[in-house]
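> here's my sequence, what's the structure:
(4 chains, ligands or ions: 4)
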Amino acid sequence: MLDTINEPLIIAEPTSTQLSYMDAIVQAQKEEMLRDERVVMIGEDVSIYGGTELVRSFDENRVRNMPISENSFTGMAIGAAMTGLRPIVDLTIASFTYLAADQIINQASKLRYMTGGQIQVPIVFRAGMYYKIGNAAQHSDRPYPFFMSAPGLKIIVPSTAADMKGLLKSAVRDDDPVMIFEDCNLWAKKDLVSTDPDFLIPIGCADIKRPGSDVTIISIGACLPMVLAAAKTLQKQGISAEVVDPRTLVPLDKEVLIRSVAKTGRLVIVDNAHRTNSAASEIAAVIAEEAFESLRKPIQRVTTADVHIPFSPVLEKIVYPTAADVIGAVNKIQ
Amino acid sequence: MLDTINEPLIIAEPTSTQLSYMDAIVQAQKEEMLRDERVVMIGEDVSIYGGTELVRSFDENRVRNMPISENSFTGMAIGAAMTGLRPIVDLTIASFTYLAADQIINQASKLRYMTGGQIQVPIVFRAGMYYKIGNAAQHSDRPYPFFMSAPGLKIIVPSTAADMKGLLKSAVRDDDPVMIFEDCNLWAKKDLVSTDPDFLIPIGCADIKRPGSDVTIISIGACLPMVLAAAKTLQKQGISAEVVDPRTLVPLDKEVLIRSVAKTGRLVIVDNAHRTNSAASEIAAVIAEEAFESLRKPIQRVTTADVHIPFSPVLEKIVYPTAADVIGAVNKIQ
Amino acid sequence: MSLRKSDHLEMYRRMQRIRIFEEAVKTLPVEGHLSIGQEGAIVGACMALRDDDYITGTHRSHGHPIGKGATLAPLMAELLGKVTGICRGRGGSMHLADFSVGVVGESAIVGGGIPLATGAGFSAQVRGTDQVSLCFFGDGASNQGTFSESMNLAAVWNLPVIFFCENNGYAISTSVGKSHGQPDIAKRADGYGIPGVIVDGQDALSVYKASNEAVIRARNGDGPTLIEAKTYRFEEHCDNLNILIPYRSQEEIDHHVTNRDPLVIYQAALLAMPEINEKDLDSITAEVVTEVQAAVEFAQQSAYPDPADLYQHMYSTPIHYPA
Amino acid sequence: MSLRKSDHLEMYRRMQRIRIFEEAVKTLPVEGHLSIGQEGAIVGACMALRDDDYITGTHRSHGHPIGKGATLAPLMAELLGKVTGICRGRGGSMHLADFSVGVVGESAIVGGGIPLATGAGFSAQVRGTDQVSLCFFGDGASNQGTFSESMNLAAVWNLPVIFFCENNGYAISTSVGKSHGQPDIAKRADGYGIPGVIVDGQDALSVYKASNEAVIRARNGDGPTLIEAKTYRFEEHCDNLNILIPYRSQEEIDHHVTNRDPLVIYQAALLAMPEINEKDLDSITAEVVTEVQAAVEFAQQSAYPDPADLYQHMYSTPIHYPA
Ligand SMILES: Cc1ncc(C[n+]2csc(CCOP(=O)(O)OP(=O)(O)O)c2C)c(N)n1
Ligand SMILES: Cc1ncc(C[n+]2csc(CCOP(=O)(O)OP(=O)(O)O)c2C)c(N)n1
Ligand SMILES: [Mg+2]
Ligand SMILES: [Mg+2]
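Ligands and ions are numbered 1, 2, ... in the order given. You can find the predicted model right below:
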C-alpha cells in the first residue's frame, strides 16, 4: 500500500448513550474485534483491568494473556502486525512503556521507513496513566512526551469517553503504530457516546471543548474537567476562555490551535506531564514560532512540577496542576 | 548525605594542550579513575571505541567488558552506584539507550527520591550519537530530548573537547545520575584543553561561544561548528549573532539564555534532534514564557526534520540543520 | 553455619513480625501487597545473610526489610505516608527499602530489582569486601529479560549474588503453568552455568539451609546461585484489585492456609527441638504484638511531610533546583 | 523431507550467492558486516523453509535474504543507497529486509529481531496457516533479555518459531567464553521446556537436517525449537572497526578458513553423491558470478532516491505530514 492521504472518515451519530471512559475503551475494542478478525488483544492479566468482557467474548486466539515480558510481547505484537494481524497491546501502567521503548521506537516506529514501505505496522499500544492515587514514582508516570520525540508514531490522549471511543477505533483502523495514553482518573467519568459501530474521531483533529474569546487554554488529556471548571470561574470574573483539546499530540492539529490563539492573543497550556519537555513545551514552541505575531502576552505552561510523584497524599496532591493554577496563569496574562 | 548546594567548583587552567574531543573523553575518564578508585567503567567491547587506553591502564576490576544486555548491565551499574562505586556506563550508540530506559528512568532517576534520600546514585551514562555516517535509523538517534522529560537526571551535551573534558569530569564527581551525550561527528575535532587534573566545568552553566548583539543563536551540542560558521557569514551581512551553548540541557542555565535574548530580542535555536519535542522546543517554551517581553520576532527552531534517518547519503545529508538553514532563519526574523 | 537457639528464636521472631505486621496493615487504610504465607521463604533466606549483606525486593515489599532485621515503626509510618517513614513518605507500600539494613531497593517495576542486586554484588567484588547480595523476585518477574541477563552477568563475572525466587504460583491472576515454558524456574540456572536449587518455601529451615550454602559459595568467590522457593500467597495479590474471573480455587487456598502455613510448620519444628519450648515462642509472639502496636501508634501519631519539602531528596547536588 | 538433487543444487547456489555477493561487496565502497564463513548455517536453515515462511535477521544482514531466495540486484542497489534498492535506499547494509521472500526485518538492534520473529509465528498461528517463522540471531544477541523472553513466549503459546543462533564465537571483540555463563547456548532451551539442539554450522547438511526437524515440529503445532549452529566469521566484524587489542589469533582464523569453510565442506559432500558432478557445481558458480556482476552493474547504474521523496514511506496514512 502506498502513501495516501487518510480517507475522509465518516462521522455519524445515529443514537447515543451514556458511557464511562472505561466502558468506552472496552466497547471500542470489542466493536473493532467483532468487525475485523485480524484485531487481537494482548497484555498481562487481560482478564482484569477492564478486560473481563473481552475475555468472555473472544477465545484465546483473539485475547492472549502474556508473561511479564513487556519488551518481547510488544515486539511479538509488532511482528504480528507486520504479518497480517492488527494487534492492540495493553501495556497496562504507563511507567512500563520504558521497558518496551526499544521495540516501540527502534522497531515499530522505524520499520516502515527502513524497509522503504515494504512493511506496515498497524498496531495500537495502550498505556494507562495511574496517578493521583498514591502509587508513588515507579507507577505514576505520564510519559507521552517521551514518545513524542520519536517520529513514526501517532500519539493520542483522549479526555472524554466519546473521544476515547472514537479515537481508539480510529487507531485500530490506522495502518501505522498509534500510542494511546489513557487516564485512570477519567475511568468512571460518563459522557454521551455514539452507538454507531462506525463512529470514529479522526486522528490529528483538535476539538474546541468550550468556545471563548479572551484567552486560549489548551488542555491536554485528563486536565480537561479541571480546565473547564477553571473556565467557568473565569467567566464569572468576566474572562471568556476558549478551551481547546488537541486530542492528538502527534500529529498536532496546529491549525486549530493557531486559529484560537489568533483570536484570543493569549495562551495557557495545561499538561499533567512534568514541565520539562512536556507536550505543553512542544505546543508552546509551535505557537512561539508560528503564531508569535498573535501573542499579546507570554505563553504560560501549567504543568506538573519537575519532581517525582511522591507517595504521601499530602505531597502528591500538590504536584499536579489545579484549577487555581490555571486561573492564576490566566490572570497573570490579562 | 543531605541535600546541599553544589560546592563551588575550582576552575583552574595552569597549562593547556591541543586535545581531540575523543581524547578528551578518554583523558577525563582516566584522570577520574586515577583520582578515585571507586570510579569504574563498564560497557560492551570496552577495549574499542576509544577505550583501548583505559583497558591498558586499569585491570578488569576497574574496566569491565559486558555481555550485550544493556538494561541489566545498566541496572547493575546503578546497583553498584548505590553501594559505594561511581560507575561510568558506556552505552555506546545512543539508539541503545531505549533498551536501558527502564533502569535509567525507573531506577536511577527515581531511587534517591523514592527512598527519601537514603540512597544516592552517583553514576554517569555515556551515549554516543553516531549519525551523518550512513548508519540508518536504528543507529542514528539523538535521544536526549527523550530523557529530558524524566526528572532526576542531569543531561549534558558537550560541543568542544574542553567542554567534554570539564563536564565529563564534573559528571563523574556529581552525586546524581548524569547522562552525557557525545557526538561522533566531533571525535576528531581538536581544541585547547587544560591539563590540570582538577579542571572542571560546572554542570548547569551555559557558555557564550561568540558574543553578539543582533540575534541570539542557541546551539545545542555538535551544531556549534556549523553555527559559528553561520555567524561568521552573518557578520559579513552586518548581522552580529551571539552564539550561546547551553552545554547542560537539564538543569538549563536559563539565566544566561534569557540575558542574551534580552539583549538581542531575536532567537534562533539549532538542534540536531528531531523537531517535535526537541531540546529546542523546551528552550523555546522557556523563552516564550519567561522572556516573552524581550522577543521582537518569532522564535525559530532549526532542527532535524521529523523523519527517520535514511541510509542513502543523498537523503541523509538533507535532514540535518545546515549553516544555510541557520542563516535563513536569522534572515527571516530580521 | 548451623543455627543456635538464639538464631532459631530470631528467625521465629522475624517471621512473626512479618505476619503480625501484615495483619495490622489489613486493619489500616493502606493498600498493600501482603507477604502473608511467604514468611518462611523470606526469613529463611535473610537469616543466612549478615547485617552488612545486601538485598533487593519487590512491590510486595513489607516482608523483605522485616526479614532483614529492620525496625518496624518507620516501615509502618511509611505505609501511612508520614515524614517519619523509612522513605520520608516518598516511597509508600511498594517501596519499603530500609538501606540501614542493606535493602538496596524494593522495585515496583517487576524484574527491576534484579540488576540492582547484581550490582550490589559487583560493588562488593570490586571493593574487595566479602559481602554478598541476595535478590528477591517473584515467579512473574522471572519472565523479565533482566532475570536471565542478570544471571548471565553474575555468572560471567562470578559475582557474589543469590537469585532468590519467591515462587508463589501466581503473578496477579496468571499462574506459573500458564506463563512459563516449564514450571521449575530453578532449571533455568543450568543455561547460565550456575547451580539452581528448588526448596520448599514453606519450610523456613530448608530455605535457610539452601540459602546458607549459596551464601557460603558466594562469599568464597565461587559465584552466584539460583534458589527457587515454592511458596504461596495467602491473600489476594493486593487489596484494591477487582478480579472478576477466578484464577485459583478456594480449595487450593484453604489447603495452603491449613496445611502449609510457614509459621505453623516452623513452630512444630522448633517445638520438636529439646532446647526450645512453647514459652519461648509465646513470649516472642507477645513481644512482637507489642512492637507492632507501637509501630502502628508511632505511624498514626507521626506528622505528614511538610508540603514545603516536596523537592527534598530529589538531588544530592541540586543545581538551579527547583527551577 | 529429504533433499532431491535440485534441492542440493539450489542449496549450493544460495551458498555461492552469499559468498560471491560478499566478495563483490568487499570491492565496493560499502561498509558492511559480511556473512562469509556462515553460509552453511544460513542456507542450511533457509532450505528447510517454504517460500511463504518468515525469517528475521540481524545487522549482518546480507546473507539472510539471499539464503531465503531473494533476487540479488535490489540487495546490491540498497547497499549503494539507490532508489532501486530493496528498501528504496532507506535501509542500507544492516537492513537488507526483502519482505517478498518473507524477511520480516533485519534488526541492527542486537536481539531486536527475536520478538519480531516470535510475532510472525504468533500471527501464523492466529491466522490458522501452517507457516513457520525462523529467527536468526548471534551468540552476542543471545544475552539480550529478548531472547529468553521470546523463547518463553513461544513455549507458553506453542508458537511455530525456530530460534536459530549463528554462534560465530564472537560479538565484535567479545568471545562467547567471556560473555556467557556457559558456552552452549542451546542449553538454555531446557529452562523453557523446549528442545535445544547443537549443530555444526559449517556443515550445511547437518544444519538442514536439524532445521528441517524443527520446522516439521513447528508446522505440526508442536511448538518452538532452539538450534545453535557453531559457525565462524572469516572476516573482521565489519570493515570500519579499529580494534587495537587483538581478540582472536591468526591461527584460529586460518584454521577455520582452511579446514572449516562451509562451501568447501558442502562441495565435498556433493561430489561424493553419485548424481552430482563437478560440472554441475561449476556451472552454478559461473551463473552466480554473472548474477552478482549484473547485480553490481544494476546497483551502480541505478539512480539515487530523489531528495524530494525524503518523507515517502514514513506513514501508511500520513496525517498533516510533513508538518
Ligand atoms: C514491569 C512491570 N510490569 C507489570 C507490573 C504490574 N504487576 C505488579 S505485580 C505483578 C505480578 C508480579 O508477580 P510475581 O513476580 O510473581 O510477584 P508476586 O506479586 O507474586 O509477589 C504485575 C504484573 C509491574 N509492576 N511492573
Ligand atoms: C542493542 C545493541 N547493542 C549493541 C550493538 C552494537 N553491536 C553491533 S553488532 C554487535 C555484536 C553482535 O554479536 P552477535 O550477536 O554474536 O552477532 P555477529 O556480529 O557475531 O553476527 C554489537 C554489540 C547493537 N547494534 N545493538
Ligand atoms: Mg508470584
Ligand atoms: Mg557472533
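> contacts and neighbour counts: CA atoms only from here.
Fine.
> contact residues of chain C facing ligand 3?
Counting by CA under 5 Å from the ion, chain C comes close to ligand 3 at C:138, C:139, C:168, C:170, C:171.
> just the buried residues of these.
Taking 16 or more other CA atoms under 10 Å in any protein chain shown as the criterion, what is buried in the residues of chain C next to ligand 3 is C:138, C:139, C:168, C:170, C:171.
> so residue C:92, which state does it fall into?
coil (DSSP: H, G, I helix; E, B strand; the rest coil).
> residue contacts, it?
For residue C:92, the contacting residues are A:134, A:135, A:136, A:311, A:312, C:78, C:79, C:80, C:81, by CA atoms under 8 Å, 6 or more residues apart in numbering or on different chains.
> among these, which lie within strands?
Assignment to strands by DSSP state E places none of the contacts of residue C:92 there.
> list the ones among those residues that fall in helices.
Among these, DSSP state H puts C:78, C:79 in helices.
> closest one to residue C:256 out of the contacts of residue C:92, please.
Nearest to residue C:256 among the contacts of residue C:92, counting by CA to CA, is residue C:79 at 27.6 Å.
> show me which of the buried ones among the residues of chain C next to ligand 3 is closest to residue D:163.
residue C:139 (23.9 Å).
> in this structure the closest one contacts residue C:174, no?
No. With contacts counted by CA atoms under 8 Å, residue C:139 stays clear of residue C:174, the gap being 10.0 Å.
> hang on, the earlier thing: let's have the buried ones among the residues of chain C next to ligand 3 in a markdown table, adding pLDDT.
Converted to a markdown table, these look like this (pLDDT from 0 to 100):
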| residue | pLDDT |
| --- | --- |
| C:138 | 98 |
| C:139 | 98 |
| C:168 | 98 |
| C:170 | 98 |
| C:171 | 98 |
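> can you give me the pLDDT of residue A:49?
We have a pLDDT of 74 for residue A:49.
> got the phi/psi numbers for it?
Here is the backbone geometry of residue A:49 (degrees, to the nearest 10): phi 50, psi 50.
> so which residue is smack in the middle of chain C?
Chain C has residue C:64 as the residue nearest its centroid, 2.9 Å off, counting by CA atoms, centre = their mean.
> coming back round to it: so which of the contacts of residue C:92 reach chain B?
Among these, proximity to chain B is found for residue A:136 (CA under 8 Å from any CA of the partner chain).
> and ligand 1, is stretch A:129-139 touching that?
No. Residues of stretch A:129-139 contacting ligand 1 under CA under 6 Å from any ligand atom: none, with a closest distance of 7.4 Å.
> quick one: end-to-end length of that stretch, please.
Terminal residues of stretch A:129-139 lie 8 Å apart, using CA to CA, to the nearest Å.
> ok, stretch C:99-110 next?
Stretch C:99-110 stretches 20 Å from its first residue to its last (CA to CA).
> what do you get for stretch A:314-334?
End residues of stretch A:314-334 are separated by 32 Å (CA to CA).
> report the distance from it to the chain centre.
Centre-to-centre, stretch A:314-334 and its host chain are 22 Å apart (CA atoms, centre = their mean, to the nearest Å).
> also stretch C:210-227?
With CA atoms, centre = their mean, you get 18 Å for stretch C:210-227.
> is chain B contacted by that stretch?
No. Stretch C:210-227 lies apart from chain B when judged by CA under 8 Å from any CA; the minimum separation is 14.2 Å.
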